[in-house]
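A.B. asks: Kindly generate the corresponding structure for this input.
(one chain, ligands or ions: 1)
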Amino acid sequence: SPASARPHVLLLCSPCMGHLIPFAELARRLVADHGLAATLLFAAATDAPSEQYAALASSVPDGVDLVSLPAPPADALPPSTPVRERVLHAALSAVPHVRDTARSLASTSPIAALVVDMASVPARDVAVELGVPCYMFFTSPWMLLSLFLHLPELDAGLVGEYRDATEPIRLPGCVPIHARELPGSLLADRSSETYAGFLSLAKDAARVDGILVNTFRELEPAVGEVGTNCVKVPPVHAIGPLVWTRPVAGGVNQDHARLITWLDQQARGSVVFLSFGSGGTLTWRQTTELALALEATGRPFIWAAKRPHEDTADGAFFGTGRGGDDDDDPLGFLPRGFVERTSGVGLVLLSWAPQTAILAHAAVGCFVTHCGWNSSLESILNGVPMVAWPLYAEQKMNAAMLEARAGVAARVNAAGPGNGGGFVSKEEIVSVIRRVMDGDEATMMKRRIGELGDRATRALTMDGSSNLALAKVTDVWKSSTSSDEK
Ligand code: UDP
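C.D. replies: So this is what the prediction gives:
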């Protein structure tokens with residue numbers, strides 16, 4: 001059927017690159033494989049698009065309409081407002097724009113559903129007004145979703161603070177979650193606004209008509225299972241792993257081509273790739289220590305580096321943390337002589353790295369990652385074992401699952417203060433990279449992640465678990481729009 005007559009899915013994503021990337025892939029699949037039309041709305045937090053957003057926007061999938069909504073006024077929030085609150089504010093400010101877009105779309109083609117992310121659930125009102133289902137697309141693992149869905153119950157039963165709990169939280173089918181692995185918002189005082197906001201998000205999350213999760217059954221077999229006493233839980237569908245599948249902005253630009261040529265010259269499985277996601281930053285001292293560790297390994301490496309940030313582990317969240325803006329030398333944050341000494345052996349990238357292309361290259365043998373969920377899924381799909389170096393959000397839970405349950409990662413041991421939960425010494429970095437790349441443990445890890453990657457790929461094929469789950473949902477959406485027309 002012509003695209004204009006197809007039932008339309010409206011997707012709304014808060015200003016998080018880690019959400020927008022799987023949203024774009026979901027939109028692509030809805031259009032390419034499920035006979036729907038898709039408009040993807042991005043609730044921008046700032047007027048000037050980040051380099052990251054521009055990278056994504058320039059290679060948006062065919063048939064997907066990506067629209068950046070107007071950002072809230074720059075002075076709406078005090079400069080010290082934390083990232084989380086900025087994200088929620090942008091998502092809330094987007095609601096009237098979503099309503100306008102929905103109304104104008106509805107005049108030309110039937111709207112089949114509204115799909116929101118965790119932060120943009122307030123837009124559910126628009127779906128209610130239109131009489132269409134509102135689904136959440138949860139871009140983190142089931143384990144975190146399960147924690148959210150159980151939160152009201154946990155909260156009611158808890159005495160004191162989460163951070164002081166001596167017993168781990170045990171969710172059905174998930175690895176036990178120790179206090180030190182909880183997301184930051186849960187570690188805040190329970191009397192704080194941060195915690196209250198989080199709890200109310202968790203309650204809202206349970207009010208949608210269905211939840212799509214970016215995971216796959218073969219990785220998280222308990223997906224959808226909740227404890228018996230739990231509050232109402234909407235139907236949960238594992239539809240992942242949805243990751244970036246297209247060339248990044250100017251994908252085949254010269255730098256990219258040079259990078260791949262360099263990788264072509266490296267031995268199979270020899271290269272260490274390091275990236276801490278779209279927002280992750282290390283302190284100055286940690287950046288120096290990591291650089292010295294890389295030098296000490298003598299292994300070839302590609303490091304998607306960011307300018308250090310002392311205060312927060314998510315200091316580059318809105319894409320402002322790259323390079324040096326008050327420095328003549330953009331690599332000036334690295335130890336003196338590091339670039340010269342490692343020239344030919346390692347590459348330091350300051351701009352948005354073509355991460356999926358790098359991970360897909362046979363030369364890459366280890367991914368040092370902050371365990372953002374997209375990065376974790378990309379590593380799994382490409383069969384690259386990980387050094388897990390979690391920094392913020394739910395990354396410590398992801399790291400625990402990847403190491404203890406899936407057996408495809410080794411966690412760094414952090415001791416002493418540092419952002420994201422501790423300083424990691426040079427000796428520790430060198431040793432954990434060795435664990436992932438050499439010896440029997442490394443061989444096992446490589447085998448397990450190869451098998452898991454195969455299962456991930458299979459989940460997405462026509463008859464795979466994730467594709468069937470999405471097809472079931474889209475069938476419901478489509479049938480409700482066709483009966484509306486009768
Ligand atoms: N990414 C990239 N180039 C970079 C940094 C990140 O392509 O230089 C992509 C990466 O492949 C992943 C996403 O950005 O798809 C980061 O998402 P993730 O969930 O891993 O972490 P977050 O950025 O949300 O912390």
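A.B. asks: show me what contacts residue 125?
C.D. replies: The neighbours of residue 125, taking C-beta atoms under 8 Å, 6 or more residues apart in numbering as the test, are residue 95. Where C-beta positions appear, they are placed from N, C-alpha and C, glycine not excepted.
A.B. asks: Please repeat the previous calculation with a cut-off of 10 Å.
C.D. replies: Applying C-beta atoms under 10 Å, 6 or more residues apart in numbering, we find residue 125 in contact with 95, 98, 99, 114, 134.
A.B. asks: burial count for residue 27?
C.D. replies: Other residues near residue 27 number 28, with proximity taken as other C-beta atoms under 10 Å.
A.B. asks: Residue 200 too?
C.D. replies: The burial count for residue 200: 13, using other C-beta under 10 Å.
A.B. asks: Tell me the residues of the chain that contact the ligand?
C.D. replies: 17-18, 21, 244, 248, 275, 277-280, 304, 352-353, 355-356, 372-375, 378 (C-beta under 6 Å from any ligand atom).
A.B. asks: model confidence over stretch 459-469, on average?
C.D. replies: Averaged across stretch 459-469, the pLDDT comes to 97.
A.B. asks: Actually, stretch 111-122.
C.D. replies: Stretch 111-122 comes out at a mean pLDDT of 96.
A.B. asks: got the CA coordinates for it in CSV?
C.D. replies: C-alpha atoms of stretch 111-122 as CSV (Å, rounded to 0.1, in the frame of the first residue of the first chain):
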residue,chain,number,x,y,z
ILE,A,111,-2.7,6.7,13.7
ALA,A,112,-2.1,3.2,14.9
ALA,A,113,-0.1,3.8,18.1
LEU,A,114,2.1,6.2,20.1
VAL,A,115,5.4,4.7,21.2
VAL,A,116,7.2,6.6,23.9
ASP,A,117,10.4,6.1,25.9
MET,A,118,10.6,5.9,29.7
ALA,A,119,11.1,9.7,30.1
SER,A,120,8.3,10.6,27.7
VAL,A,121,5.4,8.7,29.2
PRO,A,122,3.6,12.0,30.0
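A.B. asks: re the thing from before, could you list which of the residues of the chain next to the ligand belong to helices?
C.D. replies: 17, 18, 21, 355, 356, 373, 374, 375, 378 (DSSP state H).
A.B. asks: Is the second one in contact with residue 375, as I believe?
C.D. replies: Yes: the pair formed by residue 18 and residue 375 meets the contact definition of C-beta atoms under 10 Å, at 8.5 Å.
A.B. asks: those strands in the stretch 251-400 of the chain, which residues are they?
C.D. replies: 271-275, 301-304, 346-349, 364-369, 386-388 (DSSP state E, counting those that start in this stretch).
A.B. asks: Could you report the distance from residue 50 to residue 193?
C.D. replies: Distance of residue 50 to residue 193, given as C-beta to C-beta, to the nearest Å: 27 Å.
A.B. asks: For whatever residue of the stretch 101-250 of the chain ends up closest to the ligand, grab the count of nearby residues.
C.D. replies: Proximity of the stretch 101-250 of the chain to the ligand (C-beta to the nearest ligand atom) peaks at residue 244, 5.1 Å away. Using other C-beta under 10 Å, residue 244 has 21 neighbouring residues.
A.B. asks: surely it meets residue 60?
C.D. replies: No: the pair residue 244 / residue 60 is not scored as a contact, 11.2 Å apart, by C-beta under 10 Å.
A.B. asks: list the residues that contact both of the two?
C.D. replies: residue 24.
A.B. asks: Report the mean confidence score over stretch 427-438.
C.D. replies: 98.
A.B. asks: what do you get for stretch 145-157?
C.D. replies: 93.
A.B. asks: Would you pull up how far it lies from the middle of the chain?
C.D. replies: Taking C-alpha atoms, centre = their mean, to the nearest Å, one finds the center of stretch 145-157 at 22 Å from the center of the full chain.
A.B. asks: In the stretch 1-150 of the chain, which residue sits closest to the ligand?
C.D. replies: For the stretch 1-150 of the chain, C-beta to the nearest ligand atom, closest residue to the ligand: residue 18, 2.1 Å.
A.B. asks: do you know how far the residue in the stretch 301-450 of the chain that the ligand sits nearest to is from residue 463?
C.D. replies: At 2.2 Å from the ligand, residue 372 is the closest residue in the stretch 301-450 of the chain, using C-beta to the nearest ligand atom. Residue 372 sits 30 Å away from residue 463, going by C-beta to C-beta.
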